[in-house]
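Sequence and computational prediction follow.
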2 protein chains.
Amino acid sequence: MTRAHDVAVIGCGAGGYKAAITAAQHGARVVVIEREQVGGACLNRACVPKKALAHIASLILQTQTLTGHGLTGRVSGDLAAAIAFKNQVVDELRRGLPLRLKPLAVETIIGEARMAGPNHILVETAEGKRRIEARSIIIATGAAPRALAGCAVDHDRIVNADSFIPTLAAPLGDVLCVGGGALGVEAAFFLHQFGGRVTIVEEKGRLLDLPAIPERASNLLERSLTSLGVTVCTQQTVRSARATHEGVCVEFADGRVSSFARVLVAVGRQPRPDDLGLDDLGIERDANGFIVTNEFLQTNIPGLFAVGDVKGGPMTAAAALHDGRVAGENATQGAVRQRNYHQVPLVVDSVLPIAAMGLSEELAESAGFTPDTVYIPLRASVKARAYNDATGFIEIVHDQETGQMLGGCIVGAGADELIHIIALACRSKRGLWSLTDLDYGHPSWSEDVGTALEPYIRTLTQTADTVFRPGIYAAD
Amino acid sequence: MTRAHDVAVIGCGAGGYKAAITAAQHGARVVVIEREQVGGACLNRACVPKKALAHIASLILQTQTLTGHGLTGRVSGDLAAAIAFKNQVVDELRRGLPLRLKPLAVETIIGEARMAGPNHILVETAEGKRRIEARSIIIATGAAPRALAGCAVDHDRIVNADSFIPTLAAPLGDVLCVGGGALGVEAAFFLHQFGGRVTIVEEKGRLLDLPAIPERASNLLERSLTSLGVTVCTQQTVRSARATHEGVCVEFADGRVSSFARVLVAVGRQPRPDDLGLDDLGIERDANGFIVTNEFLQTNIPGLFAVGDVKGGPMTAAAALHDGRVAGENATQGAVRQRNYHQVPLVVDSVLPIAAMGLSEELAESAGFTPDTVYIPLRASVKARAYNDATGFIEIVHDQETGQMLGGCIVGAGADELIHIIALACRSKRGLWSLTDLDYGHPSWSEDVGTALEPYIRTLTQTADTVFRPGIYAAD
């Protein structure tokens, strides 16, 4: 059976369903094909479960922060109940996802897809084979956790991003997180709060060694994890990890040997095997095997787009959602919208929530700006003081000549939401003024952003209006 | 001794210090005169202490929400420790305020001010009399809690907004909040969480009977307070309250008589007695006795401005800060900035946090818009579900023809920060598009705003750009 669609999306994770929704909102007849569970890694194994676990972990910490300052008693983590709770939430949200697709007449097929030509897909479903024809096809099949030499993942004692959350079980005992990126520092926090004795090893000199994250954010995060009781070893790697009957025997690069109950290998992502037959179509891949796309998320094959982790670029749900919006629009409207990862916030929910977006001072300089960085510690924040939770800072990068907002990083409570007012201001032609002019609730963390910027606007020689470079933030 | 200043500010509360800072940032020589403690009601007796107490109250609730879903154990409120903590925070912040004024060379005088002419102030300080001369004078002396017939406040058993926080003490026992406005519902929540048995009586048919607050917000708040265990009686008033040896004997309008340990009279604000000699200068007052100002916050006396609760209009710290910015700028730059309370968020920290700003649908209609309201319940929010805290909603008012954002109300966790992305979008010429185009962290409450708006942008016939009415939000 052949059915003609405007857009077919392969993979119903964050990037896939966003592409499907966007295309359908533009009037396209859309089909989305998923071989496992709708929602993808983000809903089933990553963002959503982690958000639930991080929140519980954070509540434990917040109550401790106020013990003796207005709270008595003590709460602690109950991992088994937390897992049951997150399973329930994930199940409900997974059942709810088709309800978001249905009003848009997006058809969902559960089955294994294989490309049968640039505009044709064969799908093996439980009810038999189906042939899908579509003007545009969007590949959104994600990526696999990167393997680490010497650390063979058995999905039991040695787990990776795919099996870590699904196999979580109490008691946790000694846990090693290999990799101090987003997953490593997030996992370390909630594992500790649920009773684990956690060690992070990170190859680089600092945690979260990403261009968008300022070094002082990494340093503060390391100090906070350490004072919580997490052992952080930077510039350290694992030579081998071997599952034994009692646990995992780990040999580090410096020769030390330790034993852990479980090891989480969290060292990034790598392409999945090509089950779709994309290589037969001649798809272009980068040196790491990820699909190459242009600024419109088009691959080298006409009509074929790629979004999310399957292609190169930042591998977060927020980036996949961005891709989905871009590809969903371009697949229906022609090449009208360019991807721009500077616009996409990076959010990390560890002992200190961290959120960043846009250009760091270094990136801004290389983009031709004259950047200046506003820095305000949270101990200057009235709300943070009232919450007894004043560890962190707000950092905002802007252009010294024009006041154009270029990016920012927020470290501390509320960062995951607060980053969006920086994102909005980055897209405003009014630059810093859009935040210094704003009226804020008092006390609020948001007002701290405005207060931080106030002294700077007097020093500017031009207004953002006159020299705003829309290339960085394409919207305005 | 006479000293010439550009700007003198009488009163160092939120409105006063913001006016002083703004004027000084514009290069003015500024003096601020305070007769009691710097920081005013907001810092010493209202916003800041309330924020601290509300946070503790909220943490107790949040942990209960997750008990059995990942948390075990129990925390409860310790009022004595909370009071000690909030005193410490308030003291530190009060000591910190002069540090914000000092770099701007703002002189602070503690003493009783009295107008000696339109540009002259006499100040009685501990060191003697001083005469201040200033080109512009900004009155920021606040207001007094409104008295209620039959409820004589003794600042012991029958307290008002001024004495409520300073006299808080454990155990709380039965407490009556007279008035279901912001203070009433905020106090009711934290008093309950700290062990009080709380009753609210409200004259009107609903709690928070304010134009900016939609009725469904009031209804949901009432339901949440009631299920928490607070007794809410709307359309009920107090005929008399009489302090006895054991407590307070209260007679209600319907004839019922009850006894309470304490009564909080929270029925709004009224002008203070004219200690400044403003009436001798011939200052114009409204029917309620508040100072009349024009859109530049000028009084009828040339060079004399009034900000905050001393004049008519909304009586919140956020509004006073808005006023301070407006008057501080106008006093130094000429009449350049108009006040606009539609831009000022209203934030209420009760069992459900509530934040609102801009035009309600009704107000928008009477302003000539064709308003439509986007409504999304928090149970559609991934983050709210992951937090097991999905009571609430997001409501956004926009113009149906143009997509211009006009206002909104957020009910639920995070409202006090989230309102600012609505505020920013209301000032953007891109209207709804500024939020549907944005990239969000996932999951986040912020993304729920974008998701809620998505279906609406397709229905618009024009773009915000073509018919944006800058009169409502003056900035863009």
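Good, I have the coordinates.

does A:C177 sit in a helix, a strand or a coil?
strand (DSSP: H, G, I helix; E, B strand; the rest coil).

how many other residues sit next to A:D279?
When neighbours are defined as other C-beta atoms under 10 Å in any protein chain shown, A:D279 has 12 of them. To be clear about C-beta, it is placed using only N, CA and C from the backbone, and glycine gets the same treatment.

ok, the closest residue to it other than its chain neighbours to chain B distance?
Distances taken as C-beta to C-beta, 6 or more residues apart in numbering or on different chains place A:R285 nearest to A:D279, at 7.8 Å, with adjacent residues excluded. Here the distance between A:R285 and chain B works out to 26 Å (C-beta to the nearest C-beta, to the nearest Å).

Could you double-check that A:R285 sits in contact with A:I291?
Yes. The pair A:R285 / A:I291 is scored as a contact, 5.9 Å apart, by C-beta atoms under 8 Å.

so what pLDDT did the nearest residue to A:Q338 once chain neighbours are set aside get?
Leaving aside its sequence neighbours, A:Q338 sits nearest to A:E295 (C-beta to C-beta, 6+ apart; 4.3 Å). According to the model's per-residue confidence, A:E295 sits at a pLDDT of 95.

For my notes, confirm A:I419 occurs in a strand.
No. A:I419 is assigned helix when assessed by three-state DSSP, not a strand.

So what's the residue count around it?
Applying other C-beta under 10 Å, I find that A:I419 has 28 neighbouring residues.

so who does the residue nearest to it when sequence neighbours are not counted touch?
Nearest-residue entry for A:I419: A:A355, 3.7 Å, with adjacent residues in sequence omitted and distances by C-beta to C-beta, 6+ apart. Shown here is A:A355, whose contacts under the criterion C-beta atoms under 8 Å, 6 or more residues apart in numbering or on different chains are A:P345, A:L346, A:V347, A:V348, A:C409, A:I410, A:A415, A:D416, A:L418, A:I419, B:G441.

bridging residues for A:A355?
A:V347, A:I410 (DSSP bridges).

A:A319 versus that one, what's the distance?
A:A355 sits 14 Å away from A:A319, taking C-beta to C-beta, to the nearest Å as the criterion.

cool, A:R206 as well?
Computed with C-beta to C-beta, the distance linking A:R206 and A:A319 is 22 Å.

more neighbours, these two?
Neighbours of A:R206 and A:A319, each counted by other C-beta under 10 Å, are more numerous for A:A319; the result is 24 against 19.

element containing that one, please.
Assigned by DSSP states H and E, A:A319 belongs to helix A:317-333.

buried residues in that helix?
For helix A:317-333, the buried set under the neighbour-count rule, 16 or more other C-beta atoms under 10 Å in any protein chain shown, comprises A:317-332.

same check, this time on stretch A:226-244
Buried positions in stretch A:226-244, judged by neighbour count with 16+ other C-beta under 10 Å: A:L228, A:V230, A:V232, A:T234, A:Q236, A:T237, A:V238, A:S240, A:A241, A:A243.

Now do the SS call for the third one.
Pointing back at A:V232 there. Three states are possible here, and by three-state DSSP the one that applies to A:V232 is strand.

And the pLDDT at it?
The predicted structure scores A:V232 at 98 on the pLDDT scale.

Tally up the residues packed near A:T402, please.
Residues lying near A:T402 (other C-beta under 10 Å) number 22.

swap in A:D372?
Around A:D372 there are 18 other residues, counting by other C-beta under 10 Å.

Residues in a beta bridge with it, which ones?
A:H398.

same check, this time on the one 4 residues further on
On DSSP bridges, the residues paired with A:I376 through beta bridges are A:I394.

from what I can see A:A144 touches A:D274, true?
No. Applying C-beta under 8 Å as the test, A:A144 and A:D274 come out as separate, 11.8 Å apart.

Quick one: residues contacting the residue nearest to A:D279.
Applying C-beta under 8 Å, 6+ apart, we find A:R285 in contact with A:P271, A:D279, A:I291, A:V292.

go with 10 Å
By C-beta atoms under 10 Å, 6 or more residues apart in numbering or on different chains, the contact list for A:R285 reads A:P271, A:D274, A:L278, A:D279, A:I291, A:V292, A:T299, A:N300, A:K311, A:G312.
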